[in-house]
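Participant: Here is my input, please return the structure:
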Amino acid sequence: MGLVIVAKVRPHITVITLNRPHRLNAMSFELMTEFYEALQAVAADNSCWVCILTGQGRAFCSGLDLEDPGVIPGIQEMALSRVGMAAMTHFSQAVPAMRALPQPLIAAINGAAYGGGMCLTLGADLRFCSESAVFNCTGIINGLTSTELGASYLLPRLIGASRSNDILLTGRKVDAREAEHIGLVSRVLPDGEVLAHSIDVAEQMCELSAYGLQMTKKVCWANLETNSLNAAIDLEDRNQLLLGNTENLVECIRARREKRKPVYTDVPRSDFG
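Facilitator: Residues are numbered from 1 along each chain as shown. The predicted structure follows:
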């Protein structure tokens, strides 16, 4: 069994599981290689509409494995001065890779999310955690910085600069209830229930338009980076028009009249052209 497991758990729902429980799912070079491969496989699977990321065992991810990081890939014949950046990049591109995933990504945070593990949660579109989950920026405690894998960009946008600086500069731990209070996660579940709950939410999302989910994710991420209200609205308008050119809205109206759930197919509108 690999360091990252990809499993179809229900129709249109895939779960990616970090699988180094003996190391609290710490991020080795090999684990990250398999993580990127898993994301690529899910992205290419058109039958998957929602993806969930979780950890095996009692932790979500404890960050970089300082004791057993493994072997840096792709550094053959590379000058020593370049090896460090290659190593950094192998970890730091995790969040952009998660963002590039077409499907919405739910982080089912089943336990500790430290350092790079906390950063992985920031790259998800939805974050649910168990009551025993704990968040921590470990780098600053280890004599490094807390600013890694996009944390200095994403965290203040999620919870505000004041609270973000409090976490990044002190290295203090944030428990599940505080994480929910400050908006780091949106739901807290009893221990042992976060993955099942995430699957149930994903199943509800699969009743929506797969195209609508994908395009909503793209615009949410794109407008996180824009500083113009008008530019954000312009992108939303075009996004909405794309979905308006499908049969989905017609099906929604029809389903309401017939008192049933709509079945969205994302096919082009038949009354066009």
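Participant: And Val6, its phi and psi?
Facilitator: phi -120, psi 120 (degrees, to the nearest 10).
Participant: Pairing-wise in the sheet, spell out the partners of it.
Facilitator: Per DSSP bridges, the residues bridged to Val6 are Ile16.
Participant: Surely it touches Ala44?
Facilitator: No: taking C-beta atoms under 8 Å as the definition, Val6 is not a contact partner of Ala44, at 11.5 Å. For the C-beta atoms, the positions are set from N, CA and C on the backbone; glycine is no exception.
Participant: residues contacting Gln214?
Facilitator: Gln214 makes contact with 102-104, according to C-beta atoms under 8 Å, 6 or more residues apart in numbering.
Participant: looking at this, it is in a helix?
Facilitator: Yes: according to DSSP: H, G, I helix; E, B strand; the rest coil, Gln214 belongs to a helix.
Participant: who has more neighbours, Val6 and Ala44?
Facilitator: Val6 (18 against 9; other C-beta atoms under 10 Å).
Participant: who's in contact with the more buried one?
Facilitator: For Val6, the contact set (C-beta under 8 Å, 6+ apart) comprises 14-17, 38, 41-42.
Participant: Identify the farthest-apart pair in those residues.
Facilitator: By the measure C-beta to C-beta, Thr17 and Ala41 form the most distant pair in these, at 13.4 Å.
Participant: Just list the residues touching Ala107, thanks.
Facilitator: Residues in contact with Ala107 (C-beta under 8 Å, 6+ apart) are 52-54, 60, 120-121, 124, 126-129.
Participant: Take the residues you listed and write them to TSV, including pLDDT, distance to Gln240 and neighbour count.
Facilitator: Below are those laid out as TSV (pLDDT from 0 to 100; distance: C-beta to C-beta, whole Å; neighbours: other C-beta atoms under 10 Å):
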residue	pLDDT	distance to Gln240	neighbour count
Ile52	98	27	26
Leu53	98	28	29
Thr54	98	32	23
Phe60	98	35	30
Leu120	98	31	25
Thr121	98	29	26
Ala124	98	24	22
Leu126	98	21	18
Arg127	98	26	26
Phe128	98	28	26
Cys129	98	32	28
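Participant: Filter the residues you listed down to the ones in helices?
Facilitator: Of the contacts of Ala107, the ones assigned to helices by DSSP state H are 120-121.
Participant: and which of the contacts of Ala107 is nearest to Leu229?
Facilitator: Proximity of the contacts of Ala107 to Leu229 (C-beta to C-beta) peaks at Leu126, which lies at 24.6 Å.
Participant: just checking, that closest one touches Ala108?
Facilitator: No: with contacts counted by C-beta under 8 Å, Leu126 stays clear of Ala108, the gap being 9.3 Å.
Participant: do you know how far Ala222 is from Gln103?
Facilitator: Using C-beta to C-beta, to the nearest Å, we find Ala222 at a distance of 16 Å from Gln103.
Participant: So if I had to pick from these two, which one is more boxed in?
Facilitator: Neighbour totals were compared for Ala222 and Gln103, and Gln103 leads with 25 against 15 (other C-beta under 10 Å).
Participant: Just the element for Tyr36, please.
Facilitator: In this assignment (DSSP states H and E), Tyr36 forms part of helix 29-43.
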